[in-house]
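1. give me a model of this one.
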Amino acid sequence: MNKRFASLAVSALLLVSLLSVPALAEGTEAAADAAGDDHVIVTLNPEAALQPETPAEAAASATETAQADPAPSADDAEEAATAAEVKADDTKKDEQLTYVALGDSIVSGVGLADVQYSARSGYSVDMAPNFHGYSPDCYVGKVAAALGLDRDHAINLGLPALTAPDLADMIRYGKMPQMNMASGCEYNYPEFQDYIRKADVVSVQIGSNDAFVPCIVALGNATNWKSEKLAATILAGDLRNEGSGSTMSAIYRSIKAMNLTKAERDATWNLLFSGMSKICDETYPKTSAALISIVQEIRNLNPDAQIILVGYTNPVPLIPCWRSYFNKLNKFEKQIAKTYNLTYVAIPNTETTLDVHPTIKGHQYIANKLVNAIENP
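-> Now for the predicted structure:
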């Protein structure tokens with residue numbers, strides 16, 4: 001049952017969808033070579049060369065010069081202009097820095113209208129189309145726009161349902177050694193390592209799923225999977241309606257439709273008041289250890305890149321254990337940023353919806369923070 005729900009959760013996460021200066025010739029020998037054999041004048045008698053030309057000789061000389069050195073044709077001029085444009089474009093591309101964003105569904109842009117992906121057999125999906133085809137409204141797209149980066153220089157490697165240990169594996173091996181049975185995801189992208197090797201800046205935003213996915217599974221167990229429809233609705237971003245009234249109505253209808261028994265209600269309340277706290281406490285050491293591994297693996301691939309650790313925002317502030325979990329992770333990221341000479345970016349005021357993902361305004365807020373960190377390292 002866990003596998004079935006986890007696969008639905010990952011699928012639901014994605015249902016919202018459907019970037020020379022010419023050498024100067026030096027000396028007479030270089031000038032002669034540049035001119036070509038037709039333009040080399042050999043003087044056998046220096047004194048004769050100094051004699052003034054008669055009018056007839058001058059006219060004949062002018063005619064010969066015109067014939068030997070004709071004016072450039074329109075085609076030649078157009079070809080030269082095109083070559084200059086290509087050269088300038090190549091120079092511009094070379095001057096762009098390369099930004100790679102690592103993380104989970106927040107990074108990929110889940111919740112926005114145009115996340116790019118393709119379905120594949122099994123429990124997972126193929127996010128490769130989103131690496132370069134991501135929504136311009138996600139924070140990777142907004143960072144690219146602010147810094148003038150094309151899609152070859154701003155790459156979105158966000159993978160929905162990914163956990164911190166999963167990301168460490170992706171960086172180390174270019175794939176997950178096996179499916180994450182809690183989240184239902186499994187990714188295999190050897191190009192991950194090449195993207196990181198070529199990056200000037202790498203941002204990392206990961207860790208929310210480490211506790212969130214086990215809590216969703218626990219809720220399914222508590223309700224005998226009557227919560228499946230509500231979880232799918234939240235994860236899919238379908239609660240993003242105009243106005244809070246319609247949003248709360250959707251939640252109320254889903255809860256009412258569960259028809260929980262007394263035992264199921266008791267199990268649900270127990271999860272909310274103590275079970276989730278236990279999950280967060282058990283998860284934190286694993287997530288913090290994985291964050292260190294992520295930093296070390298990035299450094300192994302690319303010792304010179306600027307690494308930015310993106311902090312956490314709490315989309316469920318009314319649940320104390322979640323507030324504690326994210327507060328501890330933020331403090332830990334600050335600590336390892338200092339230890340490893342990284343950049344830490346706090347995002348406490350990110351606007352999210354009840355699907356726990358940032359709104360467009362939230363993505364812009366994160367992008368502004370990142371651009372400032374990149375321009376002022």
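
2. pLDDT weak spots in the stretch 151-300 of the chain?
-> The stretch 151-300 of the chain contains residues with pLDDT under 70 at 231-252.

3. can you show me the helices along it?
-> For the stretch 151-300 of the chain, the helices defined by DSSP state H, counting those that start in this stretch cover 164-173, 191-197, 208-222, 228-235, 244-258, 262-270, 276-301.

4. so for Met181, which of these sits nearest?
-> Nearest to Met181 among these is helix 208-222 (9.6 Å), distances taken as Cβ to Cβ. For the C-beta atoms, the positions are set from N, CA and C on the backbone; glycine is no exception.

5. wait, Ala144 touches Asp152, no?
-> No: using Cβ atoms under 8 Å, Ala144 is not in contact with Asp152; the gap is 10.2 Å.

6. who has more neighbours out of these two?
-> In this view Ala144 and Asp152 are compared by other Cβ atoms under 10 Å, and Ala144 has more residues nearby, 25 against 12.

7. which element is that one on?
-> In the assignment (DSSP states H and E), Ala144 maps to helix 139-147.

8. now do that helix, average pLDDT.
-> For helix 139-147, mean pLDDT rounds to 98.

9. how many neighbours does His311 have?
-> Wrong residue type there; residue 311 is Gly, not His. 21.

10. tell me the contacts of the closest residue to Ile292 other than its chain neighbours?
-> Leaving aside its chain neighbours, Ile292 sits nearest to Ile336 (6.2 Å; criterion: Cβ to Cβ, 6 or more residues apart in numbering). If you count contacts by Cβ atoms under 8 Å, 6 or more residues apart in numbering, Ile336 has them with Leu291, Ile292, Val295, Leu309, Leu342.

11. I'd like the residues you listed as CSV, with neighbour count appended.
-> Output for the contacts of Ile336, formatted as CSV (neighbours: other Cβ atoms under 10 Å):
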residue, neighbour count
Leu291, 22
Ile292, 15
Val295, 22
Leu309, 26
Leu342, 19
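
12. out of those, flag the one nearest to Tyr139.
-> Once Cβ to Cβ is applied, the member of the contacts of Ile336 that ends up nearest Tyr139 is Leu309, at 14.5 Å.

13. what pairs with that closest one across the strands?
-> Val204, Tyr344 (DSSP bridges).

14. and the nearest residue to Ala128 once chain neighbours are set aside, backbone torsions?
-> Leaving aside its sequence neighbours, Ala128 sits nearest to Tyr189 (Cβ to Cβ, 6+ apart; 6.8 Å). When read as degrees, to the nearest 10, the backbone of Tyr189 gives phi -140, psi 90.

15. surely Tyr189 is in contact with Tyr173?
-> No: proximity of Tyr189 to Tyr173 does not meet the contact threshold set by Cβ under 8 Å, at 10.1 Å.

16. which neighbours do the two share?
-> Listed as contacting both Tyr189 and Tyr173 by Cβ under 8 Å, 6+ apart is no residue at all.

17. more crowded one of those two?
-> The residue with more neighbours, out of Tyr189 and Tyr173, is Tyr189; 18 against 14, by other Cβ under 10 Å.

18. let me know the distance separating the more buried one from Tyr344.
-> For Tyr189, the distance to Tyr344 equals 26 Å [Cβ to Cβ, to the nearest Å].

19. then Pro285?
-> 20 Å.

20. ditto for Pro320
-> 24 Å.

21. okay, these two: which has more neighbours?
-> Counted by other Cβ under 10 Å, Pro320 and Tyr344 do not tie: Tyr344 has more neighbours, with 17 against 13.

22. correct me, but the more buried one touches Phe332?
-> No: Tyr344 is beyond contact range of Phe332, at 10.2 Å (criterion: Cβ under 8 Å).

23. Pro214 reaches Thr283, doesn't it?
-> Yes: counting by Cβ under 8 Å, Thr283 is a contact partner of Pro214 at 6.9 Å.
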